[in-house]
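K.L.:
fold the following, please.
(2 chains)
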Amino acid sequence: MLQVLYIFIPMLAAILVPFLYRSIKNIHTGWFVLAVPATLVVIYASYITQVAKGEIFTGELPWIPSLDISIVSYLDGLSLLFSLLITGIGSLVVLYSIFYLDKHKEKLHNFYVYLLLFMSAMLGVVQSDHLITLYFFWELTSISSFLLIGYWYNRDASRFGALKSMMITVGGGLMMLGGFVLLYLMGGTYSIRELIVMAPNLVDQPLFTWSLVLILLGAFTKSAQFPFYIWLPDAMEAPTPVSAYLHSATMVKAGIYLVARFTPIFAASELWVWLVTGVGILTLFWGSFFAVKQTDLKGILAFSTVSQLGLIMSLLGASAVAFHSNDSIDTIKFAAFAAIFHLINHATFKGSLFMIAGIIDHETGTRDIRKLGGLMSIMPISFTVAAIGSLSMAGLPPFNGFLSKEMFLTAMLSLQKFELFGFDTWGTLFPIVAWVASIFTFIYSFYFVFRTFNGNYKPEKLPHKPHEAPIGMLISPILLAVLVVLIFFIPNFIGDTFVKPAVQAIQPFLYDTPQDIDIHVVAWHGINPELLMTIGIIIIGVLLFVALPNWQGMYQRLPKAFTLNNAYDKIMQGLDVGLNRLSRIYMTGSMRHYLLYMFSGIVVIVIGSLVVKNAFSLSFQDTAPIRPYEIILVIVLLIGTAITVLAKSRLTAIIGLGSVGYTVALFFVIFNAPDLALTQLVIETISVALFLLAFYHLPKLGKREERMRFQLNRAVISIAVGVMVTLVALSAHSQKLIPSISKYYEETVYSLAGGGNIVNVILVDYRGFDTLFEITVLGIAGMAILAMIKLRMNRKEKSHENK
Amino acid sequence: MKTNDVIIQFTAKIVFFIIFFFSIHIFLAGHYTPGGGFVGGLLTSSAIVLLVLAFDINTVRHILPINYTYLTAIGLLLALATAAFPMFMGKPFFTHYFNYFDLPLLGKQSLHTAMLFDSGVYLVVVGVTMTIIQTIGEDE
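P.N.:
Presented below is the predicted three-dimensional model:
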């Protein structure tokens, strides 16, 4: 229970943010916000020792008990690691943002509300055990990401990027929901834990493959895998703290989390192994290859993130192989460990690099790498941090990236030894692609840091005169850089505390407790293929980096028409134009047309179902005799209707309509329905008054309209509506399939509801929900009319001003 | 344009109160005899409409300085709060309570939470009807 509440602490704190922002102007709102993730880090850190021993903590809060949906917080090694990343990096990012966002110029209340919303959503994603709540939180992260990317909403690029990310990630999320539902159909439960237990029975089911593909679509769109990565570079329009937080450290890793979490369920499938490993390695290559093309600092980092996510994804795919070959390949067991280890390392070095990119943007006013250069002597601290981050990203010692990169190569090399699924022939490709991609990774890492800090200083191209960033802004990147170095020296502490419990969650069939995982990380393991590959990467990488000006131009030769971005733009544009045209066909703006659609639609549906269900029947049993009163009223009714339709002036038509309404009220009186009669009378009175008011403003019926042409289709539809109502009324009277509910009302109205007037008790008690919605609709309608008329008046006033 | 509407103005002043009190009666009696918040609200509105017809919108606004949009909002909140209140007591949404009390002067009477909900309905109906009539009527 309490554990579930932790998830919602940021969301609850978000309620206070606007008030703090309004009332306390002197202190940057970020300082208050900082307390939230900082507290949560401490809370989650208190779980570490027990979770490292293999314990699992759960908390449950019923949400919709009737549908068996509850919010379950499930803290095992994997969830705890992600929760610590979310809150830990979150604290650093909030601290950084305090200095990045000016408290006088920026709309801080919006920013921090979105950020806290995201934090809750992300914690929910990684802790939910229930598939439906997982989906709910998943889409919430997409929405908060949308809001954060579009934070500077007056920029076109921000809005474009926000929409693009939303379209792609929410689209993938919907696919994932489909996959979840299929899983539920197969397993009969929404709980991931229970599904994992019954995983061996699921493999042979026909829906299994569909569910696998759909869930992977969700993971791939969210984690920016090929070909869905295109939203991530455009998401760089967000403020840099957001890029560092959502688009490198946490949200984009939700897909990784999902794949890791579902590995025990799907790993038995060949398709899973191929898709996850293949897409991952392709993304790794694609991202690193195109990172060198970018000229925007954050663009380089975005493509590098895409590439690194691909690396982790391919490792998770390789970890699934371990399910099929328990002992035959000893080294494949490194895959899952390397995936989680690299995930931690990536969060540290990429976070610091994003913050440095933000600092450079903040201090020089540009992120264009062509204008930058020679900042090393001006910003020495930023340079040091950037160098540490970049070298770690390139996979050099003594930084943490080296360790996980070596393990990655080990895992990729061992893939070719795997004999199932055609890996014995195609498996050789993996280490080769991984190696080539690592060379490009090396190049863009050097490109990022040396083009910015080395080379010629070009002050004339910079909008601001650069100087070192304020110390507050440097704290977070420095802390992350320290971690980058520290992890290199204590990898086994990190491994035992964080990585192994998470690995055990990914491979529960292989290990009973985290202690069973016998992996010991060492920086030096003799001269082996991995080390030789790394040396090759360094040599070729340096050569290619030096020669970069000679070959970077080739990127410009790539045809633009075949890019994925172009495809996205074309699809969106096509949808926009096509759907617009489609709706223009029937949205004519004429009320008469709309009424025609509605009435013909109702007639088709009702008469159609009457015919299909063979529901029409006619019986005149139990009917009251027709008395002279009713005949007179019907005649009056007919005359009133005729007057309304044929009247030449509006006033006459209104009076005709009013007479119809009052006659109906008299019918109610005759049939002993005083409530209805009363309501009908008053409604009629007020609507006549309203019509008079409204028609007062309308132009006089023109000569052309005075004689409305007789229109056959309208006559047909009018008659059809009349026939339909008559048929339904007769059929409803003629057959009673179920006993009337009025008996129940009669019996219980006094005992249960303490009332005497059934009609009113139905309104306020039995069917109070209906009434609540009705008055809400009524309220909305009233506000709509108010808005419509007032807005029109305002526009008129403005146009007067313009004259 | 000067119109001779002394009679209707004089009558309206009296009839307004008759309709208004009748609407309150109908509203309160709703649980046992014909009536209720919806009809009551409509009747109240029609009483105000009568004033609008007899005088004009600005005069009526001067006599009854009510912001009808606020009235709508208050009504909606009241209805929602009545419906939601049982949730805090661990009961399902929309549980109604009633009991019988001996009130001074009035004798034994029943009091319902449904009445509170109905008051919400009453306020929304008056609020919306008058909002519509006022905005359309003002739009010259």
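K.L.:
so the residue lying closest to A:Trp152 once chain neighbours are set aside: helix, strand or coil?
P.N.:
Excluding the flanking residues, the one nearest A:Trp152 by Cβ to Cβ, 6 or more residues apart in numbering or on different chains is A:Ser158, at 4.8 Å. In short, each C-beta sits where N, CA and C put it, glycine included. Here A:Ser158 is recorded as helix under DSSP: H, G, I helix; E, B strand; the rest coil.
K.L.:
A:Ser158: neighbour count?
P.N.:
20 (other Cβ atoms under 10 Å in any protein chain shown).
K.L.:
wait, it sits on A:Phe146?
P.N.:
No. With contact defined as Cβ atoms under 8 Å, A:Ser158 does not reach A:Phe146; the gap is 10.6 Å.
K.L.:
can you give me the distance of the residue nearest to A:Trp152 to A:Ala357?
P.N.:
17 Å (Cβ to Cβ, to the nearest Å).
K.L.:
ok, now A:Gly754?
P.N.:
Where A:Ala357 is concerned, A:Gly754 sits at a distance of 68 Å (Cβ to Cβ).
K.L.:
do A:Tyr766 as well
P.N.:
The value you get for A:Tyr766 to A:Ala357, if Cβ to Cβ is used, is 62 Å.
K.L.:
out of the two, which sits in the busier spot?
P.N.:
Set A:Tyr766 next to A:Ala357 and count neighbours by other Cβ under 10 Å: A:Ala357 wins out with 26 against 21.
K.L.:
who touches the more buried one in this structure?
P.N.:
By Cβ atoms under 8 Å, 6 or more residues apart in numbering or on different chains, the contact list for A:Ala357 reads A:Thr240, A:Ser243, A:Leu297, A:Lys298, A:Leu301, A:Arg367.
K.L.:
low-confidence ranges in the chain?
P.N.:
Picking chain A for this. A:325-331, A:419-424, A:561, A:696-710, A:793-803 (pLDDT under 70).
K.L.:
ah, I was thinking of chain B
P.N.:
B:1-3, B:139-140.
K.L.:
wait, does the lengthiest helix in it contact chain A?
P.N.:
Longest helix of chain B, by residue count under DSSP state H: helix B:113-138. Yes. Helix B:113-138 reaches chain A (Cβ under 8 Å from any Cβ of the partner chain) through B:114, B:117-118, B:120-121, B:124-125, B:127-129, B:131-133, B:135-137.
K.L.:
just checking, what packs against the helix or strand harbouring A:Leu772?
P.N.:
In this structure, A:Leu772 sits in helix A:768-802 according to DSSP states H and E. Helix A:768-802 makes packing contacts with helix B:68-88, helix B:113-138 when contacts are defined by 3 or more Cβ pairs under 8 Å, 6 or more residues apart in numbering or on different chains; DSSP states H and E.
K.L.:
buried sites along it?
P.N.:
A:Gly768, A:Thr771, A:Leu772, A:Ile775, A:Leu778, A:Gly779, A:Gly782, A:Ile785, A:Leu786, A:Ile789 (16 or more other Cβ atoms under 10 Å in any protein chain shown).
K.L.:
quick one: distance of it to the chain centre.
P.N.:
31 Å (Cα atoms, centre = their mean, to the nearest Å).
K.L.:
angle of it against helix B:113-138?
P.N.:
Using axes from the mean of the first three to the mean of the last three Cα atoms, to 10 degrees, the direction of helix A:768-802 lies 20 degrees away from that of helix B:113-138.
K.L.:
next, the angle helix B:68-88 makes with helix A:768-802.
P.N.:
150 degrees.
K.L.:
after the helix or strand encompassing A:Ala715, which helix or strand is next?
P.N.:
Secondary structure assignment for A:Ala715, by DSSP H and E: helix A:712-734. Downstream of helix A:712-734, the first helix or strand assigned by DSSP H and E is helix A:742-748.
K.L.:
if we look at the helix or strand that that next one is followed by, which residues are touching it?
P.N.:
The first helix or strand that comes after helix A:742-748 along the chain, using DSSP H and E, is helix A:758-761. Under the contact criterion Cβ under 8 Å, 6+ apart, helix A:758-761 has outside partners A:675-676, A:742, A:745-746, A:749, A:753, A:755, B:30-31, B:34-36, B:114, B:118.
K.L.:
repeat that with 10 Å
P.N.:
For helix A:758-761, the surrounding residues in contact (Cβ atoms under 10 Å, 6 or more residues apart in numbering or on different chains) are A:673-676, A:679, A:742, A:745-746, A:748-750, A:752-755, A:766-768, B:27, B:29-39, B:96, B:112, B:114, B:118.
K.L.:
which of the helices and strands packed on helix A:768-802 sits most buried?
P.N.:
helix B:113-138 (a mean of 24; mean count of other Cβ atoms under 10 Å in any protein chain shown).
K.L.:
now do that helix: distance to the chain's middle.
P.N.:
6 Å.
K.L.:
does anything pack onto it? Which helices or strands?
P.N.:
For helix B:113-138, the packing partners by 3 or more Cβ pairs under 10 Å, 6 or more residues apart in numbering or on different chains; DSSP states H and E come out as helix A:674-697, helix A:758-761, helix A:768-802, helix B:6-29, helix B:37-54, helix B:57-63, helix B:68-88, strand B:98-103.
K.L.:
just want the angle from the fifth one to helix A:674-697.
P.N.:
Using the same axes, to 10 degrees, one finds that helix B:37-54 and helix A:674-697 are set 40 degrees apart in direction.
K.L.:
mind listing what the spatially most central residue of chain A touches?
P.N.:
By Cα atoms, centre = their mean, chain A has its centre lying nearest to A:Ser142, at 2.5 Å. Residues in contact with A:Ser142 (Cβ under 10 Å, 6+ apart) are A:118, A:121, A:165-173, A:221-222, A:251, A:254.
K.L.:
one more pass at 6 Å, please.
P.N.:
Taking Cβ atoms under 6 Å, 6 or more residues apart in numbering or on different chains as the contact definition, A:Ser142 lies against A:Thr169, A:Val170.
K.L.:
looking at this, it is in a helix?
P.N.:
Yes. Counting by three-state DSSP, A:Ser142 falls inside a helix.
K.L.:
now do the buried residues in the host helix or strand of A:Leu134.
P.N.:
Element membership of A:Leu134, judged by DSSP H and E, is helix A:131-149. Going by neighbour count (16+ other Cβ under 10 Å), the buried part of helix A:131-149 is A:131-149.
K.L.:
what element comes up after the helix or strand A:Gly578 falls within heading to the C-terminus?
P.N.:
Using DSSP H and E, A:Gly578 sits in helix A:564-586. Where DSSP H and E defines the elements, the next helix or strand beyond helix A:564-586 is helix A:591-612.
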